[in-house]
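> sequence below, structure please.
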Amino acid sequence: MIGLAIAHPTPAVAQKQTTKQTATPRANLLQGLRDSAMVQLSITVDKARTVACDQDFTEVLVANPAIADVVALSNKQLYVLGKKAGLTSISLVGSDKRVIGLINVEVSHDVDGLQRRLRELIPGSNISVTSVNGKVLLTGTVPDAGALSRALVIAEQVAPQLVSNAMTVRGSQQVLLEVRFVEATRDSSRELGIGWDVIGNRIHGLVGVTGAVKGFSGTAGALPVLGNLASSNAPFGVAIARLLDGGTKADVIIQALERRGLARRLAEPNLVALSGDTASFLAGGEFPFPVQADRDRITVEFKKFGVGLAFTPTVLGEGLINLRIEPEVSELEPTNSLRVNGIDIPSLMVRRTQTTIELRDGQSFAIAGLLYSNNYKNQSQLPWIGEVPVLGTLFRSAAFQRKETDLVIIVTPRLVRPARPDQKLATPVDTRLPSNDAEFFLRGQQEVRAARPQPFHGHMLELGSKAGANNVSK
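Alright, predicted model coming up:
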């Protein structure tokens with residue numbers, strides 16, 4: 001049992017209170033609040049404390065019973081139970097209806113227990129938990145964003161909707177996303193009743209995938225890296241995904257496909273974003289789109305098209321990165337244009353996807369299945385004669401073409417940090433210069449090598465001293 005003593009008022013004060021009591025009862029109450037003993041009491045939610053007084057009281061008043069519940073055990077003892085987080089006060093009234101004591105009660109959550117639990121469940125963290133105005137405040141540092149999310153979830157179990165986050169994440173929290181948009185084309189055609197495959201050669205080497213590539217534009221041959229791609233019944237992205245799963249680098253796969261004419265790169269953006277922020281990219285353009293503003297007026301809005309990407313990374317810890325990506329490939333389709341008030345409005349052919357994946361630093365992931373198919377059929381014949389059975393075939397011509405494109409998106413995230421101030425970042429063109437006339441016409445050189453420029457460090461002129469200022473003025 002915890003006893004909190006409440007001191008007696010002094011005799012002078014008591015005489016003063018008696019005098020004021022005869023004058024005005026309201027003044028007596030205010031004087032009692034000023035001169036009575038005041039005690040601070042802290043209680044944890046769903047726990048209780050016992051308060052002992054050294055003076056008899058006859059009545060107990062609670063300012064907010066929803067925060068704390070009070071039971072008088074005797075005329076000198078109180079049982080105080082914390083119900084929910086917050087601040088309230090308890091007034092003790094004596095036999096003469098005078099307030100003889102005031103207890104300020106602060107009911108808070110078990111912040112000490114929560115702090116121990118967070119440090120046990122989240123290794124490497126330095127989290128401090130305090131109670132501020134009935135809310136739980138989390139401060140300190142955590143190793144990554146995943147640890148921060150786990151800390152908030154654990155704290156919400158103790159204090160639902162009462163958690164304030166002031167934690168910081170230490171370490172590298174910038175993500176470089178390497179994205180490659182690769183498009184493969186399948187073409188097949190039939191004419192005069194005779195059909196053939198554009199490619200029938202087998203590409204060897206991939207374990208677990210059998211069949212031949214059919215319908216790709218180009219010439220097939222032995223690809224040591226790729227081996228057998230998929231048959232015409234399997235999507236193009238299946239082969240890419242299996243190759244990536246086997247540990248083959250994405251660059252090697254794409255270069256091998258491009259050399260054989262099986263695929264082409266649409267775009268290859270590299271974007272950097274902070275953990276939790278969104279980065280976007282667009283390689284394309286905008287076209288005017290008329291929009292009716294009111295009955296007699298038309299305004300123009302610009303619609304985007306091309307290769308676009310938006311992604312939001314979240315670093316979870318130990319090299320694991322959560323990615324929310326939204327890639328899109330669109331192109332104008334003039335054949336399906338709409339004519340409104342003499343204006344041709346082109347349509348858009350859009351292939352779009354949205355997904356959330358988790359990868360480790362440097363791992364690649366392929367998203368495929370965004371197929372587009374275009375069929376064309378043309379048939380002509382001589383009137384009446386072409387409809388004759390058997391012989392009509394000689395007077396009839398038919399052609400059929402089909403074009404399918406499969407879009408594959410290869411994603412590779414990497415954890416990056418900014419370069420040091422003394423670190424020189426070089427590009428492939430730093431050591432190359434255009435040739436002059438003599439080098440171009442006499443030697444046939446389009447470019448010449450140049451010495452790498454030396455970086456300068458520090459200040460070129462010190463402006464802090466008076467002498468330095470004089471030198472600058474001269």
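
> can you list the buried residues in stretch 129-142?
Within stretch 129-142, the residues that count as buried by 16 or more other CB atoms under 10 Å are 129, 131, 134, 135, 136, 137, 138, 140, 141, 142. For every residue, glycine as well, the C-beta is placed using N, CA and C.

> quick one: the helices in the stretch 351-474 of the chain?
Listed in chain order, the helices of the stretch 351-474 of the chain (DSSP state H, counting those that start in this stretch) span 437-441, 466-473.

> swap in the stretch 201-350 of the chain?
Assignment of helices within the stretch 201-350 of the chain using DSSP H, counting those that start in this stretch yields the ranges 236-245, 250-259.

> mean confidence for the first one?
Pointing back at helix 236-245 there. For helix 236-245, mean pLDDT is 51.

> equivalent analysis for the last one, please.
The predicted model assigns helix 250-259 a mean pLDDT of 63.

> just stretch 154-173 next, same as before
The average pLDDT within stretch 154-173 is 82.

> now do the same end-to-end measure for that stretch.
23 Å (CA to CA, to the nearest Å).

> list of residues touching that stretch?
85, 109-110, 114, 117-118, 121, 127, 129, 132, 134-145, 147-148, 151-152, 274-275, 315, 415-417 (CB atoms under 8 Å, 6 or more residues apart in numbering).

> 6 Å instead?
By CB atoms under 6 Å, 6 or more residues apart in numbering, the residues outside stretch 154-173 that reach it are 109, 114, 135-142, 145, 148, 274-275, 315, 415, 417.

> residue 319 - how many residues pack around it?
15 (other CB atoms under 10 Å).

> which residue ranges make up each domain of this protein?
Listed by automatic domain parsing, the domain ranges of the chain are 11-108, 111-171, 176-416, 430-474.

> strands of the stretch 251-400 of the chain, start to end?
Secondary structure of the stretch 251-400 of the chain (DSSP state E, counting those that start in this stretch): strands located at 263-267, 270-274, 279-292, 298-317, 320-340, 343-352, 355-360, 365-381, 396-416.

> flag every buried residue along whichever strand or helix holds residue 80.
Counting by DSSP states H and E, the element that carries residue 80 is strand 77-82. Buried residues in strand 77-82, counted by 16+ other CB under 10 Å: 78, 80, 82.

> for this structure, what helix or strand is lowest in average pLDDT?
The weakest-scoring helix or strand in the chain, judged by mean pLDDT, DSSP states H and E, is strand 194-196 (a mean of 29).

> does residue 108 have any beta-bridge partners, and if so which?
Legend: beta-bridge partners of residue 108 under DSSP bridges are residue 44.

> give me the neighbour count for it.
When counting by other CB under 10 Å, one arrives at 22 neighbours for residue 108.

> would you mind confirming that it is in contact with residue 131?
Yes: in this structure, residue 108 is within contact of residue 131 by CB atoms under 6 Å, at 3.7 Å.

> quick one, phi psi at residue 112?
Note on residue 112: backbone dihedrals following degrees, to the nearest 10 are phi -70, psi -40.

> per-residue pLDDT, the nearest residue to it once chain neighbours are set aside?
Of all residues not flanking residue 112 in the chain, residue 129 sits nearest, at 7.6 Å (CB to CB, 6 or more residues apart in numbering). The model reports residue 129 with a pLDDT of 88.

> look at residue 129 and give its secondary structure.
Look at residue 129: counting by DSSP: H, G, I helix; E, B strand; the rest coil, its state is strand.

> my guess is it meets residue 114, correct?
Yes: at 5.0 Å, residue 129 counts as touching residue 114 under the criterion of CB under 6 Å.

> doesn't residue 147 lie inside a strand?
No: going by three-state DSSP, the assignment for residue 147 is helix, not a strand.

> list the contacts for it?
Taking CB under 6 Å, 6+ apart, we find residue 147 in contact with 122, 125.

> 10 Å instead?
118, 121-125, 127, 141, 167, 169, 315-317 (CB atoms under 10 Å, 6 or more residues apart in numbering).

> then residue 69?
For residue 69, the contact set (CB under 10 Å, 6+ apart) comprises 48, 62, 79, 80, 81, 82, 83.

> now with 8 Å, please.
62, 80, 81, 83.

> give me the pLDDT for the last one.
I take that to be residue 83. At residue 83, the model reports a pLDDT of 85.

> related to what we said a few turns ago, after the strand holding residue 80, which helix or strand is next?
Using DSSP H and E, the helix or strand that follows strand 77-82 in sequence is strand 86-93.

> please give me every residue in contact with residue 361.
Contacts for residue 361 (CB under 8 Å, 6+ apart) come out as 319, 321, 413, 414, 415.

> so which of those sits lowest on pLDDT?
Among the contacts of residue 361, residue 319 carries the lowest pLDDT, at 76.

> and that residue, how far from residue 177?
With the distance defined as CB to CB, to the nearest Å, residue 319 ends up 15 Å from residue 177.
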